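Colleague: I'd like to go over a predicted model; first the sequence, then the structure.
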Amino acid sequence: MKIFRKLYQIWVFTWFLTVFLLLFPFFVLFVQRESWKPAGQFLNKLWAYTVFGFCLLPTKVVFRFRPVTGKSYVYCANHSSYMDIPSLCYALPGYFMFIGKASLAKVPLFGYTFKNLHIVLNRSSHKSKYEAIQKSLEAIDKGRSVAYFPEGTIPKLAQPAMIDFKDGAFRVAIEKQVPIIPVTIPYNWLILPDDGSFVPHRHLMKVIIHESIETKGMTLKDLEELKSKTYTIIHEELLIQHKLLKEAK
């Protein structure tokens, strides 16, 4: 069994790197102009589709709500694995920008594309947090969507637990009066656990896109209620999916 896991690990990371390196020159090209960046986001989606396909990873995207083309949203997803970014690239429609931790910008090659296509955030810096909020607001002004992992990090807790949400995503949604879309990613912690081993496992990659939560008429006084509602939707779905997983065994 160990040898098969090792072979699968080699297979997955070989395709992961090969596809990225083949696309990298096009990433470099498309980040040169603001008007070309949507094509760069398309490459992210192409990368995810190609890698998941070659790695024989079963996938399922459940749309309980279909985002409207051309409309801006703030997507909020739970965070349990390094797989979460490619999973959202795979599942979410249209052009959106991730808000990701600053350390991602330091990853060779990948960091260059990430910091030029998305928004990096250093949570230990008040200035960086302020700039991330401003860039999110500007992105929405330009008709884009933004995608947050409002936990801010991968929890060091047994799944399906989550930690408290940060305020940023909800402040942006309220200030710009755009809907929040909760997103549940229930099984990525089984595919690529955050245990330092970087050993992938073959399992269903599932993304559930929930009904949007309207923010029209809300003020910052409603932030805690909006945050709590979003948290509850995602967490209750995680518990349902975890129960289904146990029953299937």
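Modeller: Yep, it's here.
Colleague: for this protein, what's the longest helix?
Modeller: Across the chain, the longest stretch assigned as helix under DSSP state H is helix 2-30.
Colleague: Would you indicate which residues of the helix or strand following that helix are buried?
Modeller: Next along the chain after helix 2-30, taking DSSP states H and E as the criterion, comes helix 37-54. Neighbour-count burial for helix 37-54 flags 37, 40-41, 43-45, 47-48, 50-52 (criterion: 16 or more other C-beta atoms under 10 Å). Yep, even glycine has a C-beta here, placed from its N, CA and C like the rest.
Colleague: Low-confidence ranges, the protein, go.
Modeller: Where the chain drops to pLDDT under 70, the residues are 1.
Colleague: Same list, the buried residues of helix 37-54, but as JSON lines with distance to Ala105 please.
Modeller: Below are these laid out as JSON lines (distance: C-beta to C-beta, whole Å):
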{"residue": "Lys37", "distance to Ala105": "16"}
{"residue": "Gly40", "distance to Ala105": "15"}
{"residue": "Gln41", "distance to Ala105": "17"}
{"residue": "Leu43", "distance to Ala105": "18"}
{"residue": "Asn44", "distance to Ala105": "15"}
{"residue": "Lys45", "distance to Ala105": "21"}
{"residue": "Trp47", "distance to Ala105": "18"}
{"residue": "Ala48", "distance to Ala105": "20"}
{"residue": "Thr50", "distance to Ala105": "24"}
{"residue": "Val51", "distance to Ala105": "21"}
{"residue": "Phe52", "distance to Ala105": "24"}
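Colleague: And these, which is closest to His126?
Modeller: Distance to His126, by C-beta to C-beta, is smallest for Lys37 among those, at 27.4 Å.
Colleague: show me the contacts for the closest one.
Modeller: Taking C-beta atoms under 8 Å, 6 or more residues apart in numbering, we find Lys37 in contact with 30-31, 95, 116-117.
Colleague: helices or strands up against the one helix or strand Leu88 maps to?
Modeller: Using DSSP H and E, Leu88 maps to helix 84-91. Using 3 or more C-beta pairs under 8 Å, 6 or more residues apart in numbering; DSSP states H and E as the contact test, the elements touching helix 84-91 are helix 37-54, strand 59-63, strand 74-77, strand 96-101, strand 205-209.
Colleague: try 10 Å this time
Modeller: helix 37-54, strand 59-63, strand 74-77, strand 96-101, strand 145-148, strand 180-184, helix 188-191, strand 205-209 (3 or more C-beta pairs under 10 Å, 6 or more residues apart in numbering; DSSP states H and E).
Colleague: Tell me the spacing between the residue lying closest to Phe20 once chain neighbours are set aside and Val19.
Modeller: Of all residues not flanking Phe20 in the chain, Trp47 sits nearest, at 6.2 Å (C-beta to C-beta, 6 or more residues apart in numbering). Using C-beta to C-beta, to the nearest Å, we find Trp47 at a distance of 6 Å from Val19.
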